[in-house]
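Student: From the sequence below, what's the structure:
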Amino acid sequence: MTVWGKQAETTSQYLKKGSKVLIEGRLVPDPSTGGPKIWTRQDGTAGASFEVNANTVRFLSSRGEAEGAVTTRLSGESDETIPF
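Tutor: Got it, this is the predicted structure:
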């Protein structure tokens, strides 16, 4: 997942391993194949994934499960743009 600007700061502060989140954004395919990035794990099995450029990160965990519940969205952002 890639997050930019103020949203990245908030995500870095509140996102912990095991936190429940809803991420809205765009999938970024592998430029050479147009599909998911393929790699070999340490145990020799194949792995595949897409990078996600996040537009919205919504924290779903309760305060007991995570440090806090925060929703962030970049101001002025539309579904057609990806912040850099």
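Student: Convert the C-alpha atoms of the host helix or strand of Glu9 to PDB, please.
Tutor: Per DSSP states H and E, Glu9 falls inside helix 5-14. Only the C-alpha atoms of helix 5-14 are listed here, as PDB (Å, rounded to 0.1, in the frame of the first residue of the first chain):
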ATOM      1  CA  GLY A   5       1.100  13.400   2.500                       C
ATOM      2  CA  LYS A   6      -0.900  14.000   5.700                       C
ATOM      3  CA  GLN A   7      -2.700  10.700   5.100                       C
ATOM      4  CA  ALA A   8       0.700   8.900   5.300                       C
ATOM      5  CA  GLU A   9       1.500  10.600   8.600                       C
ATOM      6  CA  THR A  10      -1.800   9.600  10.100                       C
ATOM      7  CA  THR A  11      -1.600   6.100   8.800                       C
ATOM      8  CA  SER A  12       1.900   5.700  10.100                       C
ATOM      9  CA  GLN A  13       0.900   6.900  13.500                       C
ATOM     10  CA  TYR A  14      -2.300   4.700  13.900                       C
END
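Student: so how far is that helix off the chain centroid?
Tutor: The chain centroid and the centroid of helix 5-14 are separated by 11 Å under C-alpha atoms, centre = their mean, to the nearest Å.
Student: counting contacts, what elements does it pack onto?
Tutor: strand 51-59, strand 71-73 (3 or more C-beta pairs under 8 Å, 6 or more residues apart in numbering; DSSP states H and E). Glycine gets a C-beta too; all of them are placed from N, C-alpha and C.
Student: Please identify the most buried of those strands.
Tutor: Greatest average neighbour count among the helices and strands packed on helix 5-14 goes to strand 51-59 (a mean of 18), per mean count of other C-beta atoms under 10 Å.
Student: when you compare where that strand runs with where helix 5-14 runs, what's the angle?
Tutor: Inter-element angle recorded for strand 51-59 and helix 5-14: 70 degrees (by axes from the mean of the first three to the mean of the last three C-alpha atoms, to 10 degrees).
Student: Run a quick neighbour tally on Lys6.
Tutor: Neighbours of Lys6 under the rule other C-beta atoms under 10 Å: 13.
Student: Distance of it relative to Gly44?
Tutor: Counting by C-beta to C-beta, to the nearest Å, the gap from Lys6 to Gly44 is 41 Å.
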